[in-house]
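Novice: how would this look folded up:
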Amino acid sequence: MSGLKDDKLKPMPALLFVSLARPLAQVVDVLTFGARKYAPDNWSKVEKERYWDALYRHLGAFHRGEKEDPETGIHHLAHAACNILFLLWHETSED
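Specialist: Next up, the predicted model:
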């Protein structure tokens with residue numbers, strides 16, 4: 001098949017979902033843990049300043065050589081990624 005499709009300048013989500021599938025699965029694990037512990041959308045009701053503290057705690061633990069969060073068993077950087085996503089959501093959702 002040799003059809004044409006003008007999509008050269010469009011986003012390429014496969015870069016995220018295929019190339020980074022393993023790290024993303026860990027981020028999903030963090031989100032799932034939080035949804036089960038609190039509620040699926042609880043994270044959106046927490047003030048953004050709390051996510052800065054959580055981000056720094058996870059980055060600090062990782063920097064000190066601790067790979068996995070003791071409570072969840074999930075990589076600290078996956079937790080940090082979630083905190084960054086939550087901060088980004090707050091930043092882009094504010095009026």
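Novice: where does residue 43 fall, phi/psi-wise?
Specialist: Main-chain torsions, residue 43, degrees, to the nearest 10: phi -60, psi -30.
Novice: how about it, what does it touch?
Specialist: By C-beta atoms under 8 Å, 6 or more residues apart in numbering, the contact list for residue 43 reads 31, 34, 82, 86. All C-beta atoms are positioned from the backbone trio N, CA, C, and that covers glycine.
Novice: neighbours around the first one, how many?
Specialist: Think residue 31. 16 (other C-beta atoms under 10 Å).
Novice: where does the protein have low pLDDT?
Specialist: Low-confidence regions of the chain, defined by pLDDT under 70, span residues 94-95.
Novice: can you give me the helices for it?
Specialist: Taking DSSP state H, the helices of the chain run over residues 14-17, 21-37, 48-63, 76-93.
Novice: In CSV, list those along with distance to residue 7.
Specialist: Written out in CSV, the entries for those read as follows (distance: least, C-beta to C-beta, whole Å):
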stretch, distance to residue 7
helix 14-17, 12
helix 21-37, 22
helix 48-63, 35
helix 76-93, 25
